[in-house]
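>>> Kindly return the folded structure for what I paste below:
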Amino acid sequence: MRTTVLVIGGGATGVGTARDLALRGVDVTLVERGALAGGTTGRSHGVLHSGARYAETDPDDAAACLAENRTLREVAAGCLDETGGYFLQLDGDDPAYFERKRAACADLGMETTTLDGDALRERVPEASHAVERALAVPDAVISPSRLIVANALDARAAGATIHTHAPVESMTVADSRVQRVAVGGAVDATVTVDAVVNAAGPWAERCAALADVSVPMRPTRGAMVAVENPGVDAVLNRCRPPADGDIVVPASGAAVLGTTSVTVDDPDDFERSDDEIDRIVAECGAMCPAVTAAPTVRTYWGVRPLYAPDEAGNDGRAISRGFALLDHADEGVEGLVTVVGGKLTTYRRMAEATADVVCDRLGVDAACRTADRPLPGNEDPARLDATDAFDVDAPAG
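This next block holds a predicted model:
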(Lines give C-alpha, C1' and ligand atoms only; values in the text may rest on other atoms or scores of the structure.)
Protein backbone atom coordinates (compact mmCIF):
# COMPACT_ATOMS: atom_id res chain seq x y z
CA MET A 1 0.00 0.00 0.00
CA ARG A 2 1.33 3.42 -0.89
CA THR A 3 0.36 7.03 -0.24
CA THR A 4 2.22 10.30 -0.65
CA VAL A 5 1.27 11.62 2.80
CA LEU A 6 0.00 9.60 5.74
CA VAL A 7 -1.82 11.64 8.40
CA ILE A 8 -1.98 9.97 11.81
CA GLY A 9 -4.90 11.11 13.97
CA GLY A 10 -8.59 11.63 13.27
CA GLY A 11 -9.27 14.71 15.34
CA ALA A 12 -10.09 18.11 13.87
CA THR A 13 -6.47 18.97 13.11
CA GLY A 14 -5.72 15.63 11.46
CA VAL A 15 -8.87 15.55 9.36
CA GLY A 16 -8.44 19.24 8.56
CA THR A 17 -4.87 18.59 7.40
CA ALA A 18 -5.98 15.68 5.22
CA ARG A 19 -8.64 17.92 3.65
CA ASP A 20 -6.20 20.78 3.07
CA LEU A 21 -3.63 18.50 1.42
CA ALA A 22 -6.24 16.76 -0.73
CA LEU A 23 -7.56 20.11 -1.94
CA ARG A 24 -4.00 20.93 -3.03
CA GLY A 25 -3.92 17.78 -5.13
CA VAL A 26 -1.78 15.70 -2.78
CA ASP A 27 -2.42 11.96 -2.46
CA VAL A 28 -3.25 11.63 1.25
CA THR A 29 -4.42 8.86 3.55
CA LEU A 30 -5.57 9.37 7.15
CA VAL A 31 -5.51 6.65 9.80
CA GLU A 32 -7.16 6.86 13.22
CA ARG A 33 -6.79 4.18 15.87
CA GLY A 34 -10.43 4.50 16.95
CA ALA A 35 -13.34 6.60 15.70
CA LEU A 36 -13.00 10.10 14.28
CA ALA A 37 -13.10 12.77 17.01
CA GLY A 38 -12.54 10.02 19.57
CA GLY A 39 -9.85 11.97 21.44
CA THR A 40 -9.63 15.63 22.40
CA THR A 41 -11.90 16.98 19.65
CA GLY A 42 -15.00 15.00 20.61
CA ARG A 43 -14.50 15.69 24.31
CA SER A 44 -14.14 19.45 24.25
CA HIS A 45 -16.70 21.93 25.55
CA GLY A 46 -17.39 23.07 21.99
CA VAL A 47 -16.66 26.78 22.34
CA LEU A 48 -15.59 28.71 19.25
CA HIS A 49 -13.36 31.12 21.13
CA SER A 50 -13.39 34.80 20.32
CA GLY A 51 -9.93 35.10 21.84
CA ALA A 52 -11.22 36.96 24.89
CA ARG A 53 -10.26 34.11 27.21
CA TYR A 54 -6.57 34.55 26.36
CA ALA A 55 -6.49 38.23 25.48
CA GLU A 56 -4.50 39.51 28.44
CA THR A 57 -2.19 36.50 28.90
CA ASP A 58 -1.42 35.39 25.33
CA PRO A 59 -2.38 38.10 22.83
CA ASP A 60 -0.86 36.27 19.86
CA ASP A 61 -2.98 33.17 20.48
CA ALA A 62 -5.99 35.37 21.18
CA ALA A 63 -5.52 37.14 17.85
CA ALA A 64 -5.36 33.76 16.09
CA CYS A 65 -8.60 32.72 17.79
CA LEU A 66 -10.33 35.93 16.75
CA ALA A 67 -9.21 35.54 13.14
CA GLU A 68 -10.32 31.90 12.97
CA ASN A 69 -13.59 32.73 14.71
CA ARG A 70 -14.35 35.13 11.88
CA THR A 71 -13.23 32.68 9.19
CA LEU A 72 -15.22 29.74 10.52
CA ARG A 73 -18.39 31.82 10.75
CA GLU A 74 -18.12 32.11 6.98
CA VAL A 75 -16.94 28.66 5.93
CA ALA A 76 -18.38 26.42 8.66
CA ALA A 77 -21.77 27.99 9.32
CA GLY A 78 -23.47 24.59 9.32
CA CYS A 79 -21.36 23.54 12.31
CA LEU A 80 -21.94 26.68 14.40
CA ASP A 81 -24.47 28.27 16.68
CA GLU A 82 -23.75 31.99 16.95
CA THR A 83 -24.75 32.30 20.58
CA GLY A 84 -22.44 35.09 21.63
CA GLY A 85 -20.69 34.99 24.98
CA TYR A 86 -20.20 36.93 28.19
CA PHE A 87 -17.45 37.27 30.76
CA LEU A 88 -19.13 37.72 34.13
CA GLN A 89 -17.75 39.66 37.06
CA LEU A 90 -19.40 38.39 40.22
CA ASP A 91 -19.56 40.02 43.61
CA GLY A 92 -16.10 39.55 45.10
CA ASP A 93 -14.28 39.12 41.77
CA ASP A 94 -11.40 41.47 41.05
CA PRO A 95 -12.72 44.46 39.05
CA ALA A 96 -9.18 45.24 37.88
CA TYR A 97 -9.06 41.88 36.10
CA PHE A 98 -12.25 42.78 34.25
CA GLU A 99 -10.68 46.06 33.14
CA ARG A 100 -7.51 44.31 31.96
CA LYS A 101 -9.53 41.86 29.91
CA ARG A 102 -11.66 44.60 28.38
CA ALA A 103 -8.56 46.62 27.44
CA ALA A 104 -6.80 43.55 26.01
CA CYS A 105 -9.83 42.73 23.86
CA ALA A 106 -9.87 46.31 22.56
CA ASP A 107 -6.17 46.00 21.69
CA LEU A 108 -7.05 42.97 19.53
CA GLY A 109 -9.68 44.94 17.64
CA MET A 110 -12.48 42.87 19.15
CA GLU A 111 -15.88 44.48 19.47
CA THR A 112 -17.18 44.17 23.03
CA THR A 113 -20.02 45.65 25.06
CA THR A 114 -20.07 46.18 28.81
CA LEU A 115 -23.36 45.48 30.60
CA ASP A 116 -24.35 45.97 34.20
CA GLY A 117 -25.82 43.03 36.06
CA ASP A 118 -29.45 43.93 35.40
CA ALA A 119 -28.83 44.36 31.66
CA LEU A 120 -27.07 41.00 31.53
CA ARG A 121 -29.98 39.29 33.31
CA GLU A 122 -32.40 40.78 30.80
CA ARG A 123 -30.46 38.94 28.11
CA VAL A 124 -29.67 35.82 30.17
CA PRO A 125 -32.35 35.48 32.86
CA GLU A 126 -30.64 32.42 34.33
CA ALA A 127 -27.53 34.44 35.26
CA SER A 128 -26.88 34.87 38.97
CA HIS A 129 -27.92 37.98 40.86
CA ALA A 130 -24.30 38.06 42.04
CA VAL A 131 -23.25 39.23 38.57
CA GLU A 132 -22.20 42.86 38.86
CA ARG A 133 -21.26 43.42 35.22
CA ALA A 134 -20.50 41.48 32.07
CA LEU A 135 -18.38 41.85 28.95
CA ALA A 136 -20.16 40.69 25.79
CA VAL A 137 -17.76 39.00 23.33
CA PRO A 138 -18.20 37.19 19.99
CA ASP A 139 -17.89 33.63 21.33
CA ALA A 140 -19.94 30.94 19.60
CA VAL A 141 -20.63 27.23 19.92
CA ILE A 142 -19.27 24.69 17.45
CA SER A 143 -20.38 21.08 17.05
CA PRO A 144 -17.25 18.87 17.04
CA SER A 145 -19.08 15.99 15.38
CA ARG A 146 -20.49 18.15 12.58
CA LEU A 147 -17.12 19.80 12.05
CA ILE A 148 -15.35 16.46 11.77
CA VAL A 149 -17.95 15.03 9.38
CA ALA A 150 -17.91 18.17 7.20
CA ASN A 151 -14.12 18.11 6.91
CA ALA A 152 -14.05 14.36 6.28
CA LEU A 153 -16.71 14.60 3.56
CA ASP A 154 -14.81 17.35 1.76
CA ALA A 155 -11.48 15.57 2.20
CA ARG A 156 -12.89 12.37 0.70
CA ALA A 157 -14.52 14.27 -2.16
CA ALA A 158 -11.11 15.78 -2.95
CA GLY A 159 -9.53 12.33 -3.07
CA ALA A 160 -8.37 11.62 0.48
CA THR A 161 -8.71 8.13 1.94
CA ILE A 162 -9.83 7.86 5.58
CA HIS A 163 -9.48 4.75 7.72
CA THR A 164 -10.84 4.44 11.26
CA HIS A 165 -9.93 1.67 13.73
CA ALA A 166 -6.50 1.56 12.16
CA PRO A 167 -3.77 2.02 14.81
CA VAL A 168 -0.18 2.77 13.83
CA GLU A 169 2.10 0.01 15.08
CA SER A 170 5.57 1.02 13.88
CA MET A 171 7.55 3.34 11.63
CA THR A 172 10.58 2.47 9.55
CA VAL A 173 13.26 5.15 9.18
CA ALA A 174 16.05 4.50 6.69
CA ASP A 175 18.61 6.84 5.14
CA SER A 176 17.42 9.55 7.57
CA ARG A 177 13.87 9.50 6.17
CA VAL A 178 10.61 7.95 7.28
CA GLN A 179 9.77 5.43 4.59
CA ARG A 180 7.15 2.97 5.86
CA VAL A 181 4.45 2.84 8.50
CA ALA A 182 2.88 -0.38 9.72
CA VAL A 183 -0.84 0.09 10.33
CA GLY A 184 -2.97 -2.53 12.07
CA GLY A 185 -6.66 -2.98 12.60
CA ALA A 186 -8.89 -2.32 9.61
CA VAL A 187 -5.92 -1.56 7.36
CA ASP A 188 -3.49 -4.31 8.43
CA ALA A 189 -0.81 -3.29 5.96
CA THR A 190 2.53 -1.59 5.66
CA VAL A 191 2.15 1.81 4.03
CA THR A 192 4.97 3.24 1.94
CA VAL A 193 5.08 7.03 2.31
CA ASP A 194 6.85 10.17 1.20
CA ALA A 195 5.77 12.08 4.31
CA VAL A 196 3.98 11.51 7.61
CA VAL A 197 1.98 14.02 9.65
CA ASN A 198 1.77 13.18 13.34
CA ALA A 199 -1.52 14.77 14.46
CA ALA A 200 -2.15 12.30 17.26
CA GLY A 201 -3.05 14.88 19.90
CA PRO A 202 -2.21 13.74 23.45
CA TRP A 203 -0.64 10.61 21.93
CA ALA A 204 1.76 12.61 19.70
CA GLU A 205 4.72 11.91 21.99
CA ARG A 206 4.16 8.15 21.71
CA CYS A 207 3.67 8.38 17.98
CA ALA A 208 6.89 10.36 17.52
CA ALA A 209 8.80 7.83 19.62
CA LEU A 210 8.07 5.20 16.96
CA ALA A 211 10.52 7.14 14.78
CA ASP A 212 12.92 7.78 17.69
CA VAL A 213 12.21 11.52 17.83
CA SER A 214 11.03 13.60 20.75
CA VAL A 215 7.81 15.55 21.27
CA PRO A 216 7.68 16.59 24.96
CA MET A 217 4.08 16.68 26.11
CA ARG A 218 2.26 17.66 29.30
CA PRO A 219 -1.27 16.29 28.72
CA THR A 220 -3.93 17.48 31.15
CA ARG A 221 -7.36 16.07 31.72
CA GLY A 222 -10.45 18.23 31.81
CA ALA A 223 -13.86 17.13 33.06
CA MET A 224 -17.13 18.25 31.53
CA VAL A 225 -20.66 17.85 32.88
CA ALA A 226 -23.63 18.15 30.56
CA VAL A 227 -26.90 18.93 32.34
CA GLU A 228 -30.39 19.59 31.09
CA ASN A 229 -30.24 23.17 29.89
CA PRO A 230 -32.25 25.46 32.20
CA GLY A 231 -32.48 28.05 29.40
CA VAL A 232 -28.93 29.33 28.91
CA ASP A 233 -28.48 30.42 25.29
CA ALA A 234 -25.06 32.08 25.40
CA VAL A 235 -21.56 31.06 26.50
CA LEU A 236 -20.95 32.20 30.08
CA ASN A 237 -17.35 32.66 31.24
CA ARG A 238 -16.26 33.66 34.74
CA CYS A 239 -14.18 36.84 34.48
CA ARG A 240 -11.26 35.75 36.62
CA PRO A 241 -7.95 33.96 35.95
CA PRO A 242 -8.72 30.52 34.44
CA ALA A 243 -9.84 28.08 37.12
CA ASP A 244 -12.06 25.05 37.63
CA GLY A 245 -15.71 25.47 36.77
CA ASP A 246 -15.53 28.77 34.94
CA ILE A 247 -17.56 28.16 31.77
CA VAL A 248 -21.14 27.22 30.82
CA VAL A 249 -21.81 26.31 27.19
CA PRO A 250 -25.23 25.70 25.56
CA ALA A 251 -24.76 22.71 23.25
CA SER A 252 -26.81 19.84 21.81
CA GLY A 253 -29.85 20.54 23.97
CA ALA A 254 -27.79 20.65 27.14
CA ALA A 255 -25.63 23.04 29.10
CA VAL A 256 -22.03 21.85 29.27
CA LEU A 257 -20.23 22.85 32.45
CA GLY A 258 -16.45 22.89 32.53
CA THR A 259 -13.73 22.35 33.26
CA THR A 260 -10.68 21.19 35.21
CA SER A 261 -6.97 20.94 34.43
CA VAL A 262 -5.02 18.07 35.98
CA THR A 263 -1.77 16.69 34.56
CA VAL A 264 -1.94 13.02 33.56
CA ASP A 265 0.83 10.56 32.79
CA ASP A 266 -1.19 8.40 30.42
CA PRO A 267 -3.92 9.86 28.16
CA ASP A 268 -5.55 6.42 28.05
CA ASP A 269 -5.50 5.64 31.77
CA PHE A 270 -6.22 8.38 34.28
CA GLU A 271 -8.37 9.01 37.33
CA ARG A 272 -11.88 10.32 36.82
CA SER A 273 -12.71 12.08 40.05
CA ASP A 274 -16.22 12.66 41.38
CA ASP A 275 -14.79 15.56 43.37
CA GLU A 276 -13.95 17.34 40.11
CA ILE A 277 -17.51 16.93 38.89
CA ASP A 278 -18.95 18.30 42.13
CA ARG A 279 -16.54 21.24 42.04
CA ILE A 280 -17.43 22.11 38.44
CA VAL A 281 -21.16 22.09 39.17
CA ALA A 282 -20.74 24.23 42.29
CA GLU A 283 -18.47 26.77 40.59
CA CYS A 284 -20.64 27.05 37.49
CA GLY A 285 -23.63 27.41 39.79
CA ALA A 286 -22.13 30.66 41.05
CA MET A 287 -22.69 32.09 37.55
CA CYS A 288 -25.93 30.25 36.80
CA PRO A 289 -27.62 28.81 39.93
CA ALA A 290 -30.16 26.76 37.97
CA VAL A 291 -27.51 24.35 36.70
CA THR A 292 -26.92 22.99 40.20
CA ALA A 293 -30.40 21.45 40.29
CA ALA A 294 -30.52 20.40 36.62
CA PRO A 295 -30.37 16.63 35.97
CA THR A 296 -27.08 15.36 34.57
CA VAL A 297 -27.28 14.21 30.94
CA ARG A 298 -23.71 12.94 30.58
CA THR A 299 -20.25 13.37 32.03
CA TYR A 300 -17.04 13.06 30.04
CA TRP A 301 -13.34 13.80 30.26
CA GLY A 302 -11.04 15.11 27.55
CA VAL A 303 -7.23 15.24 27.50
CA ARG A 304 -5.52 18.37 26.20
CA PRO A 305 -2.51 17.82 23.92
CA LEU A 306 -0.29 20.44 25.54
CA TYR A 307 3.20 20.82 24.13
CA ALA A 308 5.68 21.51 26.92
CA PRO A 309 9.32 21.73 25.80
CA ASP A 310 10.10 23.73 28.93
CA GLU A 311 9.14 22.99 32.49
CA ALA A 312 5.94 24.72 33.63
CA GLY A 313 5.68 23.27 37.10
CA ASN A 314 2.53 21.30 37.84
CA ASP A 315 0.15 23.94 36.53
CA GLY A 316 -1.08 22.83 33.12
CA ARG A 317 -2.99 26.12 32.83
CA ALA A 318 0.38 27.91 32.61
CA ILE A 319 1.23 26.13 29.34
CA SER A 320 0.45 28.06 26.17
CA ARG A 321 -2.68 27.02 24.26
CA GLY A 322 -0.93 27.96 21.03
CA PHE A 323 0.19 25.19 18.70
CA ALA A 324 3.62 23.88 17.76
CA LEU A 325 4.69 22.59 14.35
CA LEU A 326 7.80 20.42 14.47
CA ASP A 327 9.79 19.32 11.42
CA HIS A 328 11.77 16.30 12.60
CA ALA A 329 14.33 16.72 9.85
CA ASP A 330 16.08 18.74 12.55
CA GLU A 331 16.44 15.46 14.47
CA GLY A 332 17.58 13.45 11.48
CA VAL A 333 14.20 12.13 10.33
CA GLU A 334 13.08 13.81 7.13
CA GLY A 335 9.49 13.53 6.01
CA LEU A 336 8.01 13.48 9.52
CA VAL A 337 6.11 16.51 10.82
CA THR A 338 4.29 16.80 14.14
CA VAL A 339 1.51 19.30 14.87
CA VAL A 340 0.46 19.53 18.49
CA GLY A 341 -1.21 21.86 20.99
CA GLY A 342 -3.71 24.47 19.88
CA LYS A 343 -7.45 24.20 20.27
CA LEU A 344 -10.57 23.39 18.28
CA THR A 345 -11.04 27.05 17.30
CA THR A 346 -7.68 27.15 15.51
CA TYR A 347 -7.79 23.69 13.90
CA ARG A 348 -8.02 25.10 10.35
CA ARG A 349 -5.07 27.41 10.89
CA MET A 350 -3.05 24.51 12.30
CA ALA A 351 -3.95 22.35 9.32
CA GLU A 352 -2.96 25.10 6.87
CA ALA A 353 0.42 25.62 8.53
CA THR A 354 1.07 21.87 8.53
CA ALA A 355 0.06 21.46 4.89
CA ASP A 356 2.30 24.41 3.95
CA VAL A 357 5.34 22.68 5.47
CA VAL A 358 4.53 19.30 3.93
CA CYS A 359 3.95 20.78 0.48
CA ASP A 360 7.17 22.76 0.71
CA ARG A 361 9.11 19.58 1.52
CA LEU A 362 7.41 17.67 -1.30
CA GLY A 363 7.85 20.43 -3.86
CA VAL A 364 4.11 20.91 -4.27
CA ASP A 365 3.26 24.44 -5.44
CA ALA A 366 -0.39 24.84 -4.42
CA ALA A 367 -2.07 27.37 -2.18
CA CYS A 368 -4.37 26.67 0.75
CA ARG A 369 -8.06 26.87 -0.18
CA THR A 370 -9.73 26.26 3.18
CA ALA A 371 -10.00 29.88 4.36
CA ASP A 372 -12.65 30.70 1.77
CA ARG A 373 -14.03 27.32 0.68
CA PRO A 374 -17.32 26.54 2.47
CA LEU A 375 -17.52 23.20 4.19
CA PRO A 376 -20.31 20.78 3.27
CA GLY A 377 -23.50 21.25 5.25
CA ASN A 378 -23.69 25.02 5.30
CA GLU A 379 -26.98 24.94 3.40
CA ASP A 380 -28.25 21.76 5.11
CA PRO A 381 -26.62 21.28 8.53
CA ALA A 382 -28.78 18.23 9.29
CA ARG A 383 -26.89 16.44 6.54
CA LEU A 384 -23.92 16.37 8.90
CA ASP A 385 -25.99 14.58 11.56
CA ALA A 386 -27.62 12.05 9.27
CA THR A 387 -24.53 10.80 7.44
CA ASP A 388 -23.38 7.27 8.21
CA ALA A 389 -20.28 7.64 6.03
CA PHE A 390 -17.91 7.93 9.00
CA ASP A 391 -17.60 6.45 12.48
CA VAL A 392 -17.57 9.42 14.88
CA ASP A 393 -17.23 9.40 18.69
CA ALA A 394 -18.07 12.85 20.07
CA PRO A 395 -19.92 13.07 23.38
CA ALA A 396 -19.42 16.83 23.20
CA GLY A 397 -22.05 16.93 20.45
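>>> Mind telling me what element Val197 is part of?
In the assignment (DSSP states H and E), Val197 maps to strand 195-198.
>>> Contacts for that strand, please.
For strand 195-198, the surrounding residues in contact (CB atoms under 8 Å, 6 or more residues apart in numbering) are 4-9, 14, 17, 171, 178, 181, 204, 207-208, 211, 215, 335-340, 354, 358, 361-362. C-beta: built from backbone N, CA, C; applies to glycine.
>>> Kindly check the end-to-end length of stretch 328-343 for me.
One end of stretch 328-343 sits 22 Å from the other (CA to CA, to the nearest Å).
>>> ok now it, how far from the chain's centre?
Chain-centre distance of stretch 328-343: 19 Å, with CA atoms, centre = their mean, to the nearest Å.
>>> do stretch 175-195 as well
27 Å.
>>> cool, stretch 120-129 as well?
In terms of CA atoms, centre = their mean, the centre of stretch 120-129 is set 29 Å apart from its chain centre.
>>> can you pull the contacts of the residue nearest in space to the middle of the chain?
Nearest to the mean C-alpha position of the chain, by CA atoms, centre = their mean, lies Leu344 at 2.3 Å. Counting by CB under 8 Å, 6+ apart, Leu344 touches 12, 41, 44, 46-48, 142, 144, 147.
>>> Can you tell me which of the residues you listed end up in strands?
Residues of those located in strands (DSSP state E): 47-48, 142.
>>> need these in CSV with distance to Ala223 and pLDDT, can you?
Putting these into CSV (distance: CB to CB, whole Å; pLDDT from 0 to 100) gives the following:
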residue, distance to Ala223, pLDDT
Val47, 15, 97
Leu48, 21, 98
Ile142, 20, 97
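>>> residue ranges with poor pLDDT in the stretch 251-397 of the chain?
Along the stretch 251-397 of the chain, segments meeting pLDDT under 70 span 311-321.
>>> can you map out the strands along it?
Here the stretch 251-397 of the chain has its strands, by DSSP state E, counting those that start in this stretch, at 254-258, 262-263, 296-304, 323-327, 336-341.
>>> Need the ones you listed in a markdown table (columns: distance to Arg121 and mean neighbour count).
Below are those laid out as a markdown table (distance: least, CB to CB, whole Å; neighbours: other CB atoms under 10 Å):
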| stretch | distance to Arg121 | mean neighbour count |
| --- | --- | --- |
| strand 254-258 | 17 | 27 |
| strand 262-263 | 33 | 18 |
| strand 296-304 | 25 | 19 |
| strand 323-327 | 37 | 19 |
| strand 336-341 | 37 | 26 |
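>>> need these in CSV with distance to Phe270, can you?
Compiled in CSV, these are given as follows (distance: least, CB to CB, whole Å):
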stretch, distance to Phe270
strand 254-258, 16
strand 262-263, 8
strand 296-304, 7
strand 323-327, 23
strand 336-341, 19
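>>> Out of the ones you listed, which gets nearest to Ala223?
Across these, Ala223 has its closest neighbour in strand 296-304 (5.2 Å, CB to CB).
>>> what about Ala35, neighbour count?
Ala35 has 17 neighbours, counted by other CB atoms under 10 Å.
>>> so what's it closest to, chain neighbours aside?
Take Ala35 and drop its neighbours on the chain: the residue closest to it by CB to CB, 6 or more residues apart in numbering is Asp393, 3.8 Å away.
>>> ok, the one you found touching Arg33?
No: counting by CB atoms under 8 Å, Asp393 stays clear of Arg33, with 11.4 Å between them.
>>> follow-up on the earlier one: from the middle of its chain, how far away would the strand holding Val197 be?
Centroid displacement of strand 195-198 relative to its chain, using CA atoms, centre = their mean, is 19 Å.
>>> Make 30 the starting number, not 1.
Understood, numbering begins at 30; the last thing we discussed is strand 224-227.
>>> show me what contacts the spatially closest residue to Asp123 that is not a sequence neighbour?
In space, and not counting its chain neighbours, Asp123 is closest to Arg269: 6.9 Å by CB to CB, 6+ apart. Arg269 makes contacts with 122-123, 126, 275, as judged by CB under 8 Å, 6+ apart.
>>> what does Arg131 give?
When contacts are counted by CB under 8 Å, 6+ apart, Arg131 touches 141, 143, 164.
>>> Over to Glu151?
Going by CB under 8 Å, 6+ apart, Glu151 touches no other residue.
>>> helix or strand for it, which one?
Secondary-structure assignment from DSSP H and E places Glu151 in helix 146-152.
>>> Heading C-terminal from that helix, find the next helix or strand.
Moving toward the C-terminus from helix 146-152, the next helix or strand (DSSP H and E) is strand 160-166.
>>> returning to what we had before: name the nearest of the contacts of Leu373 relative to Glu360.
Ala41 (26.3 Å).
>>> Kindly provide the distance from that closest one to Ala184.
Using CB to CB, to the nearest Å, Ala41 is found at 12 Å from Ala184.
>>> same check, this time on Leu413
Look at Leu413 and Ala184: by CB to CB, they are 14 Å apart.
>>> just the ones in strands among the contacts of Leu373 now: which is nearest Ala255?
Val76 (13.7 Å).
>>> That closest one contacts Thr374, doesn't it?
Yes: here Val76 reaches Thr374: they are 7.5 Å apart, a contact under CB under 8 Å.
>>> what about these two, which has more around it?
Neighbours were counted for Val76 and for Thr374 using other CB under 10 Å; Thr374 has more, 27 against 24.
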